[in-house]
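K.L.:
Here is a sequence with its predicted model. Questions after.
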Amino acid sequence: MVFLKVNFGGFVPLSTVDWRGRAVCTVFLRGCPVRCHYCQNIAILDGMDEREVDEVLAMIKESSLLVSGVVFSGGEATMQKEALLALAKGVKTMGLGVGLQTNGVYPETIRALLEGRLVDRISLDLKTQWRRYNNLLKKDFADRVKESLRLCTEAHHAGRLPEFEAVVTTFRGCEDDIAYIAKDAGGVDLVLQQGVLAGVAPLDFEELAAVADRLGRSVRIRTRQDGEVAYEGRRIVRAESIDVSGIEQERRSER
């Protein structure tokens with residue numbers, strides 16, 4: 001039994017969108033030091049809802065027959081280092097995989113997870129190019145995120161982190177940042193995720209594909225309309241994904 005509190009943000013017993021290829025449950029931990037203007041989880045950035053770690057593990061246990069992994073998200077899950085480590089250990093004892101969605105501002109938590117072999121997949125948000133980072137977040141977090149990127153990349157290349165992706169939420173008018181971010185995230189999976197912001201038309205698949213074409217590397221493009229597509233150029237298709245020409249044909253038929 002673990003006598004440790006966690007500031008709880010929510011629980012999704014079954015998700016097919018938080019870990020590619022897996023059915024998982026998702027645990028949200030409350031609290032985040034970052035205030036991104038486009039955050040989708042504003043309701044859990046602050047406040048308190050303390051639960052015993054064992055209570056959260058019991059929720060996961062109830063879903064364990066339906067899922068093969070657990071994703072920790074937020075808020076910022078790594079903000080609660082000891083609770084997250086205890087939860088990850090508990091999940092591992094159930095024989096489930098551990099995934100993490102993080103903004104990377106707590107590299108010491110990521111280091112502990114990696115050193116303990118307590119995480120199987122990390123999705124790291126890279127919000128802009130480094131010289132603009134602190135201005136966007138209104139705090140001096142750039143070096144911390146750089147360290148998280150370094151830790152994850154090294155662990156992934158060494159085989160200690162089976163799955164790692166850098167995720168860039170991409171908004172209209174910010175396309176020029178992508179080349180800088182892609183350069184820093186060389187050698188790891190890069191996801192261009194459609195950013196949605198009130199009053200601003202989101203980039204559609206074709207526009208994100210055009211951004212990807214300028215990078216000269218494979219990416220994953222994630223949009224609300226088309227889901228996730230592995231994109232390696234306009235004529236290249238992966239078996240696990242869908243043909244880009246199919247998307248374009250469908251778009252034309254809608255017009």
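P.N.:
Arrived safely.

K.L.:
hey, what's the residue positioned nearest the centre of the chain bridged with?
P.N.:
Taking Cα atoms, centre = their mean as the criterion, Ser123 is the residue nearest the geometric centre of the chain, at 3.4 Å. Judged by DSSP bridges, the bridge partners of Ser123 are Gln101, Glu165.

K.L.:
In this structure it contacts Leu161, no?
P.N.:
No: the pair Ser123 and Leu161 fails to qualify as a contact (Cβ atoms under 8 Å) at a distance of 11.4 Å. All C-beta spots, glycine's among them, are computed from the backbone N, C-alpha and C.

K.L.:
on that earlier part again, show the contacting residues for the residue nearest to the centre of the chain.
P.N.:
Contacts for Ser123 (Cβ atoms under 8 Å, 6 or more residues apart in numbering) come out as 99-102, 165, 167, 191.

K.L.:
Scan those residues and report the most crowded one.
P.N.:
Thr102 (27 neighbours; other Cβ atoms under 10 Å).

K.L.:
Mind naming the longest helix for this protein?
P.N.:
Ranked by residue count and defined by DSSP state H, the top helix of the chain is helix 142-157.

K.L.:
list the helices and strands that helix packs on?
P.N.:
Helices and strands touching helix 142-157, by 3 or more Cβ pairs under 8 Å, 6 or more residues apart in numbering; DSSP states H and E, are helix 107-115, strand 121-125, helix 130-137, strand 163-170.

K.L.:
Against Leu124, how distant is the closest residue to Leu161 other than its chain neighbours?
P.N.:
Once flanking residues are discounted, Leu161 sits nearest to Ala155: 3.9 Å by Cβ to Cβ, 6 or more residues apart in numbering. Distance of Ala155 to Leu124, given as Cβ to Cβ, to the nearest Å: 12 Å.
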